[in-house]
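K.L.:
Structure for this input, please:
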Amino acid sequence: MAKDSFRYKMVIAVRTDLKMSTGKMIAQACHAAVACSEDTKKTHSKQWRNWRDEGAKKVALDAWSMEELEELAKKADELDVVYNMIQDAGHTEIPPGTVTCIGIGPDLVQKIDKVTGSLSLLK
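P.N.:
Next up, the predicted model:
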């Protein structure tokens, strides 16, 4: 499938200010992807099915702070886009309850981009 042919996507914005290891960031992003997929399947089943059927595109983005995640959540809420804030259990690198990332979607690319369009790809 060509890059431009995706109509749906999910985005995971990871807090880089926490200086998590690569493995920790991946684990937290996976938690966000699973939570968003499950919630969207329940509450926005058409979007979930279309996203899944076209390849379940996921994009990881940089977020610089908790305040940035809160702003993304506010925008997602205003646009009726599913989102999940992920809090760490605190067993390894960071204190319990620390919000590490936000999953947004899946939904139409145009809606997701209104929420996250200003963020850079996670490096």
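K.L.:
And the longest helix seen in the chain, what does it pack against?
P.N.:
In the chain, ranked by residue count with DSSP state H as the criterion, the top helix is helix 22-43. Packing partners of helix 22-43 (3 or more CB pairs under 8 Å, 6 or more residues apart in numbering; DSSP states H and E): strand 8-15, helix 45-53, strand 83-87, strand 99-108. C-beta coordinates here come from the backbone N, C-alpha and C atoms, glycine included.
K.L.:
quick check: mean pLDDT across the last one?
P.N.:
Average pLDDT, strand 99-108: 98.
K.L.:
Just name whatever secondary elements that strand is in contact with.
P.N.:
The criterion is 3+ CB pairs under 8 Å, 6+ apart, and the helices and strands that strand 99-108 contacts are strand 8-15, helix 22-43, helix 45-53, helix 66-78, strand 83-87, helix 109-116.
K.L.:
and if we set it to 10 Å?
P.N.:
Of the remaining helices and strands, those touching strand 99-108 by 3 or more CB pairs under 10 Å, 6 or more residues apart in numbering; DSSP states H and E are strand 8-15, helix 22-43, helix 45-53, strand 58-63, helix 66-78, strand 83-87, helix 109-116.
K.L.:
Mind giving me the packing neighbours of the first one?
P.N.:
For strand 8-15, the packing partners by 3+ CB pairs under 10 Å, 6+ apart come out as helix 22-43, helix 45-53, strand 58-63, helix 66-78, strand 83-87, strand 99-108, helix 109-116.
K.L.:
out of those, which comes closest to Phe6?
P.N.:
helix 109-116 (6.3 Å; CB to CB).
K.L.:
Flag every buried residue along that closest one.
P.N.:
By neighbour count with 16 or more other CB atoms under 10 Å, helix 109-116 contains the buried residues Val109, Lys111, Ile112, Val115, Thr116.
K.L.:
who's in contact with it?
P.N.:
Contacts of helix 109-116 from elsewhere in the structure, counted by CB atoms under 10 Å, 6 or more residues apart in numbering, are 4, 6-13, 47, 57, 59, 61, 63, 71-81, 83, 102, 104-108, 117.
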